[in-house]
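> my questions concern the predicted model and sequence given below.
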Amino acid sequence: MLKKKFMNIFGISATLGLFFGIAIFALSLFIDIKYVGFRMKGEWPIILGIIFLTFWGIVTTWTMVSLPISMRGEKLVTVGIYTYVRHPLYSAAIFLFYPGIAFILRSWVILALSLIHI
């Protein structure tokens, strides 16, 4: 039941994107810990990561407010954040969430893979 509800709200693309995003993240974390071993130095990565994740939360919230569940799939939305970006959740994940996590973990490998994802 939960799977069906999730699919109705987010669709198959988001489900596959979430699965592959987690898989790539886990693989890059494994590679980083096992083989690379060098991290970003200082406090700046943590601060930058918090800033990125804060903006990711703002964009995600703005997306959910701009497109309520009752309106999904019924008409093309061109108000709110959809005025600027066609797929704001994907954009927020690629440009804000993945790099934010990379900075929080101080990982050059995860940052590089998140930039390759673009």
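Cool, got the structure. Bear in mind that the values here come from a model prediction, so they are computed numbers and not experimental data.
> where do the helices sit along this structure?
2-31, 44-66, 88-92, 98-104, 108-117 (DSSP state H).
> residues contacting the last one, please?
Taking contacts as CB atoms under 8 Å, 6 or more residues apart in numbering, the residues outside helix 108-117 that touch it are 24-25, 28-29, 31-32, 36, 38-40, 94, 98-99, 101-103. C-beta coordinates here come from the backbone N, C-alpha and C atoms, glycine included.
> as a markdown table, the helices of the chain with distance to residue 77 would be great.
Output for the helices of the chain, formatted as a markdown table (distance: least, CB to CB, whole Å):
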| stretch | distance to residue 77 |
| --- | --- |
| helix 2-31 | 15 |
| helix 44-66 | 6 |
| helix 88-92 | 10 |
| helix 98-104 | 25 |
| helix 108-117 | 25 |
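> between these, which one is nearest to residue 82?
helix 44-66 (5.7 Å; CB to CB).
> and that closest one, how far from the chain's centre?
Relative to the centre of its chain, helix 44-66 is centred 9 Å away, using CA atoms, centre = their mean, to the nearest Å.
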